[in-house]
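A.B. asks: Output the structure for:
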Amino acid sequence: MLRWIVLALLLANAGFWAWRQGWLEPLHGVIGARPEGEREPQRLGLQVRPEAIELMPAEAPAPRPLPASAATAPGTVEAVVAVAALECLEAGPFNVTEFALAEASVKSALPGGAWAVREIAAPWWVVMGPFVDTELLQKKRDELRRRGITPQQLPTASGAPLLVLSRHAARPAAELELTALVERGVHTARTMVGGPALRVLRVAQADALQQSALAALGPDRLRGKPFGPCQPTGL
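C.D. replies: Residues are numbered from 1 along each chain as shown. Sure, this is the predicted structure:
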């Protein structure tokens with residue numbers, strides 16, 4: 001029995017050696033394998049017109065389609081562009097006389113009334129005076145400087161100047177400053193309204209046509225205060 005096994009192994013080795021040498025070429029189709037494996041040029045020989053092969057660049061990805069509701073809705077693109085072009089614009093601030101002239105100009109440019117008015121409260125000052133006596137005025141200036149305060153001298157309609165110690169957007173802030181000055185030894189100061197309330201013309205959502213119409217208004221029609229980007233309402 002052992003003799004037959006040894007003989008079978010010898011025949012198998014001899015057959016494998018003959019296959020590796022290529023002596024069994026006619027039987028490769030029956031065996032289903034070649035001694036050279038899949039790397040030999042027999043596979044290239046099976047190609048048909050390899051010179052006609054041309055590598056093409058990868059195609060760009062197709063654009064992502066819009067949702068069906070957006071793609072079919074009329075005027076969708078126009079609406080998106082219009083919203084993106086909206087801008088908040090305002091002009092001013094104007095006093096009473098300036099505001100009347102500026103608002104009339106805006107009415108002619110935007111007959112639809114697409115604007116609003118923003119009020120700016122009157123400023124409040126802490127002042128001393130007015131001083132009719134020049135010598136007393138200079139004495140007060142010197143006293144303030146010794147306390148580390150540099151006032152601003154402003155003329156008045158009567159000709160007697162004021163000494164402005166500080167300016168504030170609202171009365172409560174001016175009153176607090178006055179209290180602090182009293183603690184520093186300044187006893188003759190007072191608070192007063194530093195000027196009139198002002199107004200601003202605002203177009204919160206100006207489209208492209210409205211922006212062009214407002215830009216066309218000359219400086220003289222807006223008292224030298226043309227439309228520009230809106231400022232925070234707290235300013």
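A.B. asks: So which residues of this protein form strands?
C.D. replies: Using DSSP state E, the strands of the chain run over 87-94, 116-120, 124-128, 152-154, 162-168, 190-193, 198-206, 228-229.
A.B. asks: got the contact list for the closest residue to Gln153 other than its chain neighbours?
C.D. replies: Taking C-beta to C-beta, 6 or more residues apart in numbering, and ignoring the residues beside it in sequence, Gln153 has Pro161 as its nearest neighbour in space, at 5.1 Å. In this view, the C-beta of every residue, glycine as well, is placed from N, C-alpha and C. Pro161 is in contact with Gly129, Pro130, Phe131, Leu137, Gln153, Leu154, Pro155, counting by C-beta atoms under 8 Å, 6 or more residues apart in numbering.
A.B. asks: what does Ala173 give?
C.D. replies: Contacts of Ala173 (C-beta under 8 Å, 6+ apart): Trp124.
A.B. asks: Now do it against Glu183, distance only.
C.D. replies: Distance check for Ala173 against Glu183: by C-beta to C-beta, to the nearest Å, it reads 16 Å.
A.B. asks: Next: Ala204.
C.D. replies: From Ala204 across to Glu183, the span is 45 Å (C-beta to C-beta).
A.B. asks: what about the two, which has more around it?
C.D. replies: Ala204 (14 against 7; other C-beta atoms under 10 Å).
A.B. asks: How about the contacts made by the closest residue to that one other than its chain neighbours?
C.D. replies: Distance criterion C-beta to C-beta, 6+ apart; nearest residue to Ala204, sequence neighbours excluded, is Cys88 at 5.3 Å. Cys88 sits next to Arg202, Val203, Ala204, Gln205, Ala206, Pro229, Cys230 when contact means C-beta under 8 Å, 6+ apart.
A.B. asks: Then Ala213?
C.D. replies: Ala109, Leu110.
A.B. asks: Report pLDDT for it.
C.D. replies: Note for Ala213: predicted pLDDT of 92.
A.B. asks: just Gly22 next, same as before
C.D. replies: For Gly22, pLDDT reads 62.
A.B. asks: try Ile53
C.D. replies: At Ile53, pLDDT is 63.
A.B. asks: Give me the buried entries from the contacts of Cys88.
C.D. replies: The neighbour-count criterion (16 or more other C-beta atoms under 10 Å) marks Arg202, Val203, Ala206, Cys230 among the contacts of Cys88 as buried.
A.B. asks: Got the phi and psi for the last one?
C.D. replies: Phi and psi for Cys230, reported as degrees, to the nearest 10, are phi -70, psi 140.
A.B. asks: Endpoint to endpoint, stretch 156-163 covers what distance?
C.D. replies: Using C-alpha to C-alpha, to the nearest Å, the end-to-end distance of stretch 156-163 comes to 11 Å.
A.B. asks: in it, what's buried?
C.D. replies: For stretch 156-163, by 16+ other C-beta under 10 Å, it's Pro161, Leu162, Leu163.
A.B. asks: Looking at those residues, spot the one nearest Val106.
C.D. replies: Val106 lies nearest to Leu162 out of the buried residues of stretch 156-163, by C-beta to C-beta, at 35.3 Å.
A.B. asks: How much space separates that closest one from Pro151?
C.D. replies: Distance of Leu162 to Pro151, computed by C-beta to C-beta: 9 Å.
A.B. asks: any shared contact partners between these two?
C.D. replies: Residues touching both Leu162 and Pro151 (C-beta under 8 Å, 6+ apart): Met128.
A.B. asks: Can you list the helices and strands that the longest helix seen in the chain packs against?
C.D. replies: In the chain, assigned by DSSP state H, the helix with the most residues is helix 2-20. For helix 2-20, not one helix or strand is in contact under the criterion 3 or more C-beta pairs under 8 Å, 6 or more residues apart in numbering; DSSP states H and E.
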